[in-house]
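Chemist: Fold the following.
(one chain, ligands or ions: 1)
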Amino acid sequence: MSRTKWALTMIIGGLLAYAAFGVLWLIGGGAGLVVLFMVSLRLHPRRGCSFCGGRGRFYSKLFPWVFRLCAHCGGNGRVLHPGIQYLGTDKQRRNLRRDVADRRAGRHYRERG
Ligand SMILES: [Zn+2]
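Modeler: Prediction:
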């Protein structure tokens with residue numbers, strides 16, 4: 001499911017919950033979603049790279065068999081989700097800080113646990 005589709009589903013679901021049960025249920029549902037997202041981030045700390053669309057490569061328009069690796073994800077196609085900065089485990093936060101430092105220093109991406 002795309003993120004847009006997911007957001008639309010949540011908005012419609014939220015409006016329906018509000019219509020059916022009032023504002024307290026809406027707040028409860030929102031808080032429940034945050035908790036579920038925290039749990040989910042610990043289990044699924046990565047997402048597709050938004051710069052290359054998860055492909056990890058940019059192909060030449062003129063010579064389509066040659067490519068360069070995406071500088072953001074280093075050709076990996078996936079990055080650690082920035083939300084783990086706040087919600088992840090200590091190890092995930094440490095790995096995210098190292099990834100960001102590596103990118104800033106122009107070092108090649110390394111896969112971390
Ligand atoms: Zn990328």
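
Chemist: And G30, how far from V66?
Modeler: Relative to V66, G30 is positioned 47 Å away (criterion: C-beta to C-beta, to the nearest Å). Backbone N, C-alpha and C define where each C-beta goes, glycine included.

Chemist: in the protein, which spans are strands?
Modeler: Shown for the chain, the strands assigned by DSSP state E span residues 46-48, 57-59, 67-69, 78-80.

Chemist: Of the ones you listed, which is nearest the ion?
Modeler: Each of the strands of the chain has some distance to the ion by C-beta to the ion; the shortest is strand 78-80, at 7.2 Å.

Chemist: for the closest one, packing partners?
Modeler: Other helices and strands packing on strand 78-80, by 3 or more C-beta pairs under 8 Å, 6 or more residues apart in numbering; DSSP states H and E, are strand 46-48, helix 90-105.
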